[in-house]
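Participant: Generate a structure from the sequence data that follows.
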Amino acid sequence: MITFRSDLVDPKRLKFQFVSSNDPDLIGIEVTLDGNVLIDVSMDEKGQTSVLFDTDGDAFEFDLAQLKTVLEKCETELSAWRWRLMTPGGIWEASI
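Facilitator: Now for the predicted structure:
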């Protein structure tokens, strides 16, 4: 495996966009830099999260502490969104 180094990503340049899909039923956040998706964080109805890293784009590199902060922000936002979807009348409302 060949690894190419790049400059550290400045977290201030990142953009966050909410996304959702129906098959499977997921909510997510795409983390982009200059219009390119770097990271896709998804959550299902049960609260399980997954993280996908775009390996087709340009090389990118994060400081570990900054990457943790980005992922924690995504998880916090998705948890809040999930909570809203699970309230009475929400599309993920628990059925009896």
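
Participant: Look up the closest residue to the one residue sitting closest to the centre of the chain, ignoring the ones flanking it.
Facilitator: Geometric centre of the chain, nearest residue: residue 41, 2.4 Å, by Cα atoms, centre = their mean. Distance criterion Cβ to Cβ, 6 or more residues apart in numbering; nearest residue to residue 41, sequence neighbours excluded, is residue 74 at 4.0 Å. All C-beta spots, glycine's among them, are computed from the backbone N, C-alpha and C.

Participant: next one: residue 11
Facilitator: Leaving aside its chain neighbours, residue 11 sits nearest to residue 66 (5.0 Å; criterion: Cβ to Cβ, 6+ apart).

Participant: which residues touch the one you found?
Facilitator: Residue 66 is in contact with 8, 9, 11, counting by Cβ atoms under 8 Å, 6 or more residues apart in numbering.

Participant: Adding distance to residue 25, pLDDT and neighbour count, write those residues out as CSV.
Facilitator: Formatted as CSV, those follow (distance: Cβ to Cβ, whole Å; pLDDT from 0 to 100; neighbours: other Cβ atoms under 10 Å):
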residue, distance to residue 25, pLDDT, neighbour count
8, 35, 91, 12
9, 30, 91, 18
11, 30, 93, 15
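
Participant: Could you list the low-pLDDT ranges of this structure?
Facilitator: Within the chain, the stretches with pLDDT under 70 are 1, 57, 95-96.
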